[in-house]
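In: The sequence isn't on hand, but the structure is:
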């Protein structure tokens, strides 16, 4: 019985190490393929369209709504302290430092990340990746790399768009609906947000989130079981693991670098 | 009629195939493979002759498709050697396997065409990736192959817009577009109507005759298999019994005879029901 427990522990440890090895190999392969030809620009552009352009509606709508809610909540809270002139700063800092990158990453994980995982997993199921291998084409280079890179490139852009729409939503609620002075709203925001700290920080955060979501979605799809349940598990796993990883890394990045 | 395997190779109680390797484009020696706790190959040895059509037969789950994947290097055996065009694919790295696979075309059971690309782009893909041909030359070559498989007007279509038989033929066009020395076909006849079965059978036989391609075909379809095969490798209990179609039909092995007779009876029954 004792031996069985030791054997089980050993088996799980070996399995964990093997799994970590596969993850490291997969990341290394994407990184290596990204810096050596062929660069596959055409496929990258296609993926940027799929991840970015097709996410525009959800990002714009969510950004504007979140900004509007921040405007309402911020105004109510600030009015208790007679500090409604700081609404622009509150909305701006909240969006730029935290809500923009995190919510964008969560939304993109749900929309584009899950679609990416499902697409690759269904290619596994229908032997399309094996078909590529039989044509001596590396599926990581041909399929995975453009998708992961697209996620890395698009996430900061969508984050910027989310923030802009959020600021606009906050402006509409604070200035147009609640009667704050427009100039005060804008100048409060301008004074509070710094380029080197806040804006650079939000772009860095969203790039890290893009890399994480891109890796998780492609890895889950690539290693999916070749069954319909495997496709489903890859999709669900991407959303769950991707979302939790984004939130965990958000804390780590904020704690380490203060952005 | 000769006894199965007697003339050539491969099955149980046969001499080691390495002694006759020059004759074979693909050679499996003492291959063992267990998947999910089930032994698929138990010391399987057989060879597929150069420039001939070998049909792999056997019951469901006997390991026909797995054997093709072993030959293609898509999975590795637990033990044993698999020589493809003189190279042991069980010992090659993935990168080196790509070089061997440039000499192999594979027709997957469901085509495995990339569903986001048109038929033209699918067939053109190996040429774009591995040759320096101009787009014009690639276009001409792709059109020629699509005409050869009887799909001249499908270039702009997506795979989902084709029927099962057309999909299989488009996949065959992709498999042969690089002029491979070896073509592996996984169940090319499954789920097809008799006309399409005949059509694909003719295509395979024609390719073999005109280009001298070594072909390995897995199939349950007895009439087609008997018509087209130069050799049949019958998989039973993780081993192979090889021989000419005539030899297998009069085989002393009860299991081989029972399988062929049962399938043949089912084919006759089906034909009766259709008529």
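Out: Yes, it's here. Just so it is clear, the structure is predicted and the values come from calculations on it, not from any experiment.

In: so where do the strands sit in the stretch 151-275 of chain B?
Out: B:182-186, B:214-218, B:231-236, B:239-243 (DSSP state E, counting those that start in this stretch).

In: would CSV of those strands with mean pLDDT be doable?
Out: Formatted as CSV, the entries for these read as follows, by pLDDT from 0 to 100:
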stretch, mean pLDDT
strand B:182-186, 96
strand B:214-218, 95
strand B:231-236, 92
strand B:239-243, 89
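
In: and chain A, which of those strands is closest to it?
Out: Go through those one by one with CB to the nearest CB and the one that ends up closest to chain A is strand B:182-186, at 8.2 Å. C-beta coordinates here come from the backbone N, C-alpha and C atoms, glycine included.

In: who does the closest one pair up with?
Out: Strands flanking strand B:182-186 in the sheet, each with its direction: strand B:104-107 (parallel), strand B:214-218 (parallel) (DSSP bridges).

In: show me what contacts the residue of chain B found nearest chain A?
Out: With CB to the nearest CB as the measure, residue B:112 is the residue of chain B nearest to chain A, at 3.4 Å. Under the criterion of CB atoms under 8 Å, 6 or more residues apart in numbering or on different chains, the contact partners of residue B:112 comprise A:126, A:127, A:128, A:130, A:131, B:171.

In: Just among those, which is most surrounded?
Out: Each of those was scored for neighbours by other CB atoms under 10 Å in any protein chain shown, and residue B:171 scores highest at 28 neighbours.

In: how about stretch A:199-214: buried residues?
Out: Neighbour-count burial for stretch A:199-214 flags A:199, A:201-203, A:205-214 (criterion: 16 or more other CB atoms under 10 Å in any protein chain shown).

In: Kindly reformat those residues as a markdown table containing distance to chain B and secondary structure.
Out: Compiled in a markdown table, the buried residues of stretch A:199-214 are given as follows (distance: CB to the nearest CB, whole Å; DSSP: H, G, I helix; E, B strand; the rest coil):
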| residue | distance to chain B | secondary structure |
| --- | --- | --- |
| A:199 | 36 | helix |
| A:201 | 37 | helix |
| A:202 | 33 | helix |
| A:203 | 31 | helix |
| A:205 | 31 | helix |
| A:206 | 27 | helix |
| A:207 | 27 | helix |
| A:208 | 29 | helix |
| A:209 | 26 | helix |
| A:210 | 22 | helix |
| A:211 | 24 | helix |
| A:212 | 25 | helix |
| A:213 | 21 | helix |
| A:214 | 18 | helix |
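
In: and which of those residues is nearest to residue A:233?
Out: Closest approach to residue A:233 among the buried residues of stretch A:199-214 (CB to CB): residue A:213, at 17.5 Å.

In: need the contact list for the closest one.
Out: With the criterion set at CB under 8 Å, 6+ apart, residue A:213 makes contact with A:105, A:108, A:109, A:113, A:151, A:155, A:242, A:245, A:246.

In: Cross these against helices and list the overlap.
Out: A:105, A:108, A:151, A:155, A:242, A:245, A:246 (DSSP state H).

In: So which of those residues is the closest to chain B?
Out: Minimum distance to chain B across the ones in helices among the contacts of residue A:213 is 17.4 Å, recorded for residue A:151 (CB to the nearest CB).

In: Quick check: residues of the stretch 1-150 of chain A near chain B?
Out: Taking CB under 8 Å from any CB of the partner chain as the contact definition, the stretch 1-150 of chain A meets chain B at A:123, A:126-128, A:130-138.

In: Can you tell me the element residue A:90 falls in?
Out: Using DSSP states H and E, residue A:90 sits in helix A:87-93.

In: in the host helix or strand of residue A:191, what counts as buried?
Out: With secondary structure defined by DSSP H and E, residue A:191 is part of helix A:182-192. Residues of helix A:182-192 classed as buried by neighbour count (16+ other CB under 10 Å): A:184, A:185, A:188, A:189, A:192.

In: doesn't residue A:89 make contact with the last one?
Out: Yes: in this structure, residue A:192 sits in contact with residue A:89. The criterion is CB atoms under 8 Å, and the distance is 3.6 Å.

In: Please identify the buried residues of the helix or strand hosting residue A:61?
Out: Counting by DSSP H and E, the element that carries residue A:61 is helix A:56-80. Judged by neighbour count (16+ other CB under 10 Å), helix A:56-80 contains these buried residues: A:58-60, A:62-64, A:66-68, A:70-72, A:74-75, A:78.

In: repeat for stretch B:73-88
Out: Buried positions in stretch B:73-88, judged by neighbour count with 16+ other CB under 10 Å: B:73, B:74, B:75, B:76, B:77, B:80, B:81, B:82, B:83, B:84, B:87.

In: give me the subset of these touching chain A.
Out: Filtering these for neighbours of chain A using CB under 8 Å from any CB leaves residue B:74.
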